[in-house]
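[1] I'd like to go over a predicted model; first the sequence, then the structure.
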Amino acid sequence: MSSFIDDTSKPLGYDKEAPQRWNYTLFLYSLKLVQVNEPEEQVSVVLELMEYWYDPRLSWNASDYRNVNAIFTRQDKVWSPTLTPFGINDLIDFRDQDFRLVCLDNLGMIYDYLSARVSVICRMNVARFPFDTQICQIRFSLPIFSFKEVKIFSEVYEGIQNASAFDNMGNSEWRLTNLTNRVDFLSFQDRFDLELAVFEIKITRNPLYYFYMIIFPSFVINSVSIMGIFLKGADKMSKLNVGLTNIMTMTFILGVMSDKIPRTGSIPLLGVYIIINLLIMLAAIFVVMMITKLRRWALPILRKKKTPMSRKLETFIGSPLEYTCAVILELITCANFFLMIGFWINDQETVLTKG
């Protein structure tokens with residue numbers, strides 16, 4: 001809204017000190033996150049917007065018209081800018097396409113309402129998946145008018161700029177942690193340079209589902225498999241079957257995870273965790289095979305020497321060697337698991353601090 005007193009009896013632009021551009025404001029008073037499609041790097045939100053602009057030609061003296069200071073009329077009866085989403089993949093307008101009303105007051109201010117579902121392309125950084133945070137932009141422009149003709153303002157309703165409102169604006173998997181607005185300038189080096197009204201949202205994933213469905217089960221499966229591989233009395237083929245079953249399970253989990261993230265060059269944190277468990281199991285299978293060969297080669301030699309050291313080594317490469325390897329691999333598995341818990345705790349502390 002312009003801050004100067006305009007004489008509506010004179011043509012627009014008569015005052016050289018007044019703004020020469022038409023002021024257009026986009027006011028956001030509601031936002032709801034609907035869907036996040038990570039493989040396609042797409043975020044969908046429902047927006048409730050109010051757009052208003054100043055047209056001095058449509059002002060009147062309320063006292064001359066029985067103190068009527070506002071009227072409602074069809075949008076096609078007045079001049080209105082053409083608001084267009086910029087760089088947006090999809091837009092669904094919930095308004096009645098055949099009957100749109102605008103509010104016009106006696107000062108020449110025109111108010112219009114927009115309710116729409118918008119799908120935007122949002123590049124995903126999944127390096128910390130499932131403890132990741134994404135930043136997405138929703139941009140609008142007036143493509144017919146250059147910045148020399150229309151000045152764009154963006155505003156956000158104060159009632160949704162707090163943590164309690166953010167809780168209702170997310171969904172079960174994602175929580176909205178920040179909402180900002182600004183106006184960017186887009187230059188084409190010609191008269192069609194544009195201003196963009198930008199609403200930027202910051203969303204953080206809720207990792208609880210992935211913790212209980214992938215991280216913890218993977219830890220349990222790996223721990224039990226290690227004990228099964230080094231189980232005393234089991235034959236070599238049974239131990240090998242345990243290891244191969246574990247490897248197939250971890251490979252399946254990797255396949256499930258890959259369907260949830262975009263095909264980027266970075267390996268997500270959860271992928272690293274599963275790959276480490278996979279490598280631990282491969283190491284367990286390798287150790288079991290090597291221990292068998294070591295015994296076949298070393299035991300005859302140690303028995304011939306009959307020294308105190310050879311007797312100790314002969315005893316150690318029996319059950320104690322298997323137990324030692326099992327304990328080391330279990331400790332590595334636990335360290336890998338608790339490292340993921342550390343990321344989870346850090347993620348929760350960050351959310352509480354910002355909240």
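    Perfect, thanks for sending it.

[2] going by C-alpha atoms from here, please, whenever you check contacts or count neighbours.
    Fine.

[3] list the residues that contact the residue most central in space within the chain.
    Geometric centre of the chain, nearest residue: Q134, 3.5 Å, by C-alpha atoms, centre = their mean. Counting by C-alpha atoms under 8 Å, 6 or more residues apart in numbering, Q134 makes contact with 124-125, 202-204.

[4] return the member of these nearest to Y65.
    K202 (48.4 Å; C-alpha to C-alpha).

[5] am I right that K148 falls within a helix?
    No: membership of K148 in a helix is not supported by DSSP: H, G, I helix; E, B strand; the rest coil, which gives coil.

[6] against G108, how distant is it?
    K148 sits 21 Å away from G108, going by C-alpha to C-alpha, to the nearest Å.

[7] and those two? Which one has more around it.
    Of the pair K148 and G108, G108 is the one with more neighbours under other C-alpha atoms under 10 Å, namely 17 against 14.

[8] looking at W53 now. What's its pLDDT?
    Looking at W53, its pLDDT is 89.

[9] and the helix or strand harbouring it, how far out from the chain middle?
    Assigned by DSSP states H and E, W53 belongs to strand 42-54. Mean-position distance between strand 42-54 and its chain equals 20 Å (C-alpha atoms, centre = their mean, to the nearest Å).

[10] check stretch 29-44 too.
    Distance, centroid of stretch 29-44 to centroid of chain: 9 Å (C-alpha atoms, centre = their mean).

[11] over to stretch 225-235?
    Taking mean C-alpha positions (C-alpha atoms, centre = their mean), stretch 225-235 and its chain are 42 Å apart.

[12] what residues of it count as buried?
    By 16 or more other C-alpha atoms under 10 Å, the buried positions in stretch 225-235 come out as 225-231.

[13] return the subset of the residues you listed lying in helices.
    Counted as lying in helices by DSSP state H, out of these, are 225-229.

[14] would you turn these into CSV with distance to I88?
    As requested, those are exported to CSV (distance: C-alpha to C-alpha, whole Å):
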residue, distance to I88
S225, 48
I226, 50
M227, 53
G228, 53
I229, 53
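
[15] and which of those residues is nearest to Q35?
    S225 (37.6 Å).

[16] my guess is M250 contacts Y273. True?
    No: using C-alpha atoms under 8 Å, M250 is not in contact with Y273; the gap is 10.3 Å.

[17] which one of the two has more residues nearby?
    A side-by-side neighbour count of M250 and Y273, using other C-alpha under 10 Å, places M250 first with 21 against 18.

[18] part of a strand, is the more buried one?
    No: read with three-state DSSP, M250 is helix and lies in no strand.

[19] local confidence estimate at it?
    For M250, pLDDT reads 88.

[20] okay, helices next: where are they in this structure?
    Counting by DSSP H, the helices of the chain are 163-169, 208-210, 216-229, 236-258, 269-305, 308-316, 319-354.

[21] any chance of those helices in CSV, plus distance to Q189?
    Converted to CSV, the helices of the chain look like this (distance: least, C-alpha to C-alpha, whole Å):
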stretch, distance to Q189
helix 163-169, 38
helix 208-210, 48
helix 216-229, 55
helix 236-258, 42
helix 269-305, 43
helix 308-316, 78
helix 319-354, 40
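
[22] where among the ones you listed is the average confidence lowest?
    Looking across the helices of the chain, the weakest by mean pLDDT turns out to be helix 308-316, at a mean of 64.

[23] what ranges do the strands span in the stretch 51-200 of the chain?
    All strands of the stretch 51-200 of the chain, identified by DSSP state E, counting those that start in this stretch, fall at 70-74, 84-86, 88-93, 101-105, 109-121, 133-141, 150-156, 174-186, 194-205.

[24] which helices and strands sit right next to the fourth one?
    Counting contacts by 3 or more C-alpha pairs under 8 Å, 6 or more residues apart in numbering; DSSP states H and E, the secondary-structure elements packed against strand 101-105 are strand 70-74, strand 109-121.

[25] low-confidence ranges in the stretch 101-250 of the chain?
    Applying pLDDT under 70 to the stretch 101-250 of the chain picks out residues 190-191, 233-234.

[26] domain map for this structure?
    22-206, 209-354 (automatic domain parsing).

[27] from the middle of its chain, how far away would the last one be?
    Per C-alpha atoms, centre = their mean, the displacement of domain 209-354 from the mean C-alpha position of its chain is 32 Å.
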